[in-house]
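Undergrad: need a 3D model of the sequence below.
(one chain, ligands or ions: 2)
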Amino acid sequence: MKKITVIGAGNVGATCANVIAHKDLTREVVLVDIKEGVAEGKALDIWQTSSINNFNTRVIGVTNDYLKTKGSSIVVITSGLPRKPGMSRDDLIKTNAAIVKDVTEKVVKYSPEAIIIVVSNPLDVMTYAAYKAARKHSSRVFGMAGILDTGRYKAFLAEALDVSPKDIHSLLLGGHGDTMVPLPRFTSIAGIPVTDLLNKEEIDKIVERTKKGGGELVNLMGTSAWYAPGAAAAQMVEAIVDDQKRIFPVCALLNGEYGLHDVYMGVPVKLGSRGIEEIIELNLNKEEKKMLEESANSVKGVMKVLDDMNLFED
Ligand SMILES: NC(=O)c1ccc[n+]([C@@H]2O[C@H](COP(=O)([O-])OP(=O)(O)OC[C@H]3O[C@@H](n4cnc5c(N)ncnc54)[C@H](O)[C@@H]3O)[C@@H](O)[C@H]2O)c1
Ligand SMILES: O=C(O)C[C@H](O)C(=O)O
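TA: Numbering: from 1, shown residues only. Ligands and ions are numbered 1, 2, ... in the order given. Got it, this is the predicted structure:
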């Protein structure tokens, strides 16, 4: 049985631990937070739903006690500030980079073999920071955003078409920001191309709403989303625990794929027990390539801010 740790017991971390427990993937989930009592309380609350929701997974909460995370196979990092209305995800970099570096070093000390899934924002650059801090192969350090972003895209499409979201398949590339690249050309409803079912104007409207999907929720709630993000990270955990070889858009380190180097961004990957087992390269048209390049430039701009912070030796 694999031990799973979730760092950060706030909105996303607690939701993720809760969904993992409901899936009954493992015996033990450790939830860690820096705030005294928060992880302990939420873990106990989740555990007390076990007889109601019919699962065995024991969720244990700890305050900053990494010894309890020892030997974890998978660690999800959600610690860090969420944005407020008027902020971009990139505005979080200074605070969250220091947090992500610190927690990753502690995680790796006690669980050197762990696969790390980063959720903290700005996602692509925080995943890069975790990769630098973890000093392990990039197939074992990656980020969650694409499942969330395609989840939003599918929800909007399901509503527009009045069909089940379960029948919608789609892909998305790029950074987890307003330059993300949803791909209508790779979107189908039970195999039927979406372009046969909706006109360009209707699709464009849904693509634009998807790109700003995080901000829409921040404006509604005063903080960012958690149900879909927590469930999306749990779906990645499930694919790894069960060696499912699922194809998901995941924030991965690119080393030449899509003509990009040394940058973390969303691309389709095969996810299994070894982490990222393959990065899938799509045959993009000129317009899609241009949008991906723009997205990469935007992520690189934020990487420069991280570099200037001099948190890492090399
Ligand atoms: N990748 C995505 O798609 C996605 C989606 C949603 C949220 N996020 C990001 O996830 C992060 C968490 O969001 P949230 O809504 O759960 O925020 P939150 O404020 O509800 O929770 C964050 C938690 O992290 C804890 N924390 C802070 N520093 C810590 C440390 N050093 N060690 C352990 N715990 C620490 C806080 O005490 C808090 O409980 C944010 O950065 C947010 O932007 C990313
Ligand atoms: O939008 C945010 O700040 C949080 C997250 O990245 C999201 O897309 O919900």
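Undergrad: from here on, contacts and neighbour counts on C-alpha atoms
TA: Will do.
Undergrad: the longest helix anywhere in the chain - contacts with which helices or strands?
TA: The longest helix of the chain (DSSP state H) is helix 286-308. The contact analysis (3 or more Cα pairs under 8 Å, 6 or more residues apart in numbering; DSSP states H and E) places helix 286-308 against helix 93-110, helix 123-134, strand 181-182, strand 261-272.
Undergrad: in stretch 26-35, what's buried?
TA: Under the neighbour-count criterion of 16 or more other Cα atoms under 10 Å, stretch 26-35 has 26, 28-33 buried.
Undergrad: enumerate the residues of the stretch 101-250 of the chain near ligand 2.
TA: Counting by Cα under 6 Å from any ligand atom, the stretch 101-250 of the chain comes close to ligand 2 at 214-215, 224-225.
Undergrad: mean pLDDT lowest where, among the helices and strands packed on helix 286-308?
TA: Mean pLDDT values for those show the minimum at strand 181-182, a mean of 93.
Undergrad: residues in the stretch 1-150 of the chain within reach of ligand 1, list them.
TA: 7-13, 32-35, 78-83, 99, 103, 119-121, 123, 144-145, 148.
Undergrad: tell me which of the helices and strands packed on helix 286-308 sits most buried.
TA: helix 123-134 (a mean of 27; mean count of other Cα atoms under 10 Å).
Undergrad: SS state for His176?
TA: What DSSP: H, G, I helix; E, B strand; the rest coil gives for His176 is coil.
Undergrad: chain center to the helix or strand of the chain with the lowest mean pLDDT, what's the gap?
TA: When each helix and strand of the chain is scored by mean pLDDT, DSSP states H and E, strand 181-182 comes last, with a mean of 93. Here strand 181-182 is found 16 Å from its chain centre; the criterion is Cα atoms, centre = their mean, to the nearest Å.
Undergrad: the next helix or strand after it - contacts with which helices or strands?
TA: For strand 181-182, the following helix or strand on the C-terminal side (DSSP states H and E) is strand 188-189. Strand 188-189 sits against strand 168-169, with contacts defined as 3+ Cα pairs under 8 Å, 6+ apart.
Undergrad: partners of the strand it packs on, with directions?
TA: As defined by DSSP bridges, the strand partners of strand 168-169 come to strand 188-189 (antiparallel).
Undergrad: what mean pLDDT does the strand it pairs with have?
TA: Rounded mean pLDDT across strand 188-189 is 98.
Undergrad: all strands for this protein, in order.
TA: Using DSSP state E, the strands of the chain run over residues 4-7, 28-33, 58-63, 74-77, 115-118, 141-143, 168-169, 172-173, 181-182, 188-189, 192-193, 246-255, 261-272, 275-279.
Undergrad: how about Leu171, what does it touch?
TA: By Cα atoms under 8 Å, 6 or more residues apart in numbering, the residues touching Leu171 are 150, 182-183, 186-187, 248-249, 268.
Undergrad: redo that, cut-off 7 Å
TA: 150, 182-183, 186-187, 249 (Cα atoms under 7 Å, 6 or more residues apart in numbering).
Undergrad: try Ala296
TA: Contacts of Ala296 by Cα under 7 Å, 6+ apart are 174-175.
Undergrad: now do it against ligand 2, distance only.
TA: Counting by Cα to the nearest ligand atom, to the nearest Å, the gap between Ala296 and ligand 2 amounts to 17 Å.
Undergrad: give me the pLDDT for that residue.
TA: pLDDT, Ala296: 97.
Undergrad: low-confidence ranges in the stretch 151-300 of the chain?
TA: The model of the stretch 151-300 of the chain has no residue with pLDDT under 70.
Undergrad: one step back: quickly check: the longest helix of the chain near ligand 1 or not.
TA: No. Helix 286-308 is not in contact with ligand 1 by Cα under 6 Å from any ligand atom; minimum separation 13.9 Å.
Undergrad: of all of the chain, which residue lies closest to ligand 2?
TA: Closest approach between the chain and ligand 2, counting by Cα to the nearest ligand atom: Gly214, at 3.4 Å.
Undergrad: and that residue, what does it touch?
TA: 224-225.
Undergrad: from Ser138, how far off is it?
TA: Distance, Gly214 to Ser138, using Cα to Cα, to the nearest Å: 26 Å.
Undergrad: before we move on, the earlier item: got the CA positions of the longest helix of the chain in PDB?
TA: Listed next in PDB are the C-alpha coordinates belonging to helix 286-308 (Å, rounded to 0.1, in the frame of the first residue of the first chain):
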ATOM      1  CA  LYS A 286       0.800  27.200 -37.300                       C
ATOM      2  CA  GLU A 287      -1.800  29.000 -35.200                       C
ATOM      3  CA  GLU A 288      -1.600  26.500 -32.300                       C
ATOM      4  CA  LYS A 289       2.200  26.600 -32.400                       C
ATOM      5  CA  LYS A 290       2.200  30.400 -32.200                       C
ATOM      6  CA  MET A 291      -0.200  30.300 -29.200                       C
ATOM      7  CA  LEU A 292       2.000  27.700 -27.500                       C
ATOM      8  CA  GLU A 293       5.100  29.900 -28.000                       C
ATOM      9  CA  GLU A 294       3.300  32.900 -26.500                       C
ATOM     10  CA  SER A 295       2.400  30.800 -23.500                       C
ATOM     11  CA  ALA A 296       6.000  29.600 -23.100                       C
ATOM     12  CA  ASN A 297       7.200  33.200 -23.300                       C
ATOM     13  CA  SER A 298       4.800  34.200 -20.500                       C
ATOM     14  CA  VAL A 299       6.000  31.300 -18.300                       C
ATOM     15  CA  LYS A 300       9.600  32.200 -19.000                       C
ATOM     16  CA  GLY A 301       9.000  35.700 -17.900                       C
ATOM     17  CA  VAL A 302       7.900  34.400 -14.500                       C
ATOM     18  CA  MET A 303      10.800  32.000 -14.400                       C
ATOM     19  CA  LYS A 304      13.100  35.000 -14.700                       C
ATOM     20  CA  VAL A 305      11.500  36.400 -11.500                       C
ATOM     21  CA  LEU A 306      12.300  33.100  -9.800                       C
ATOM     22  CA  ASP A 307      15.900  33.200 -11.100                       C
ATOM     23  CA  ASP A 308      16.300  36.700  -9.700                       C
END
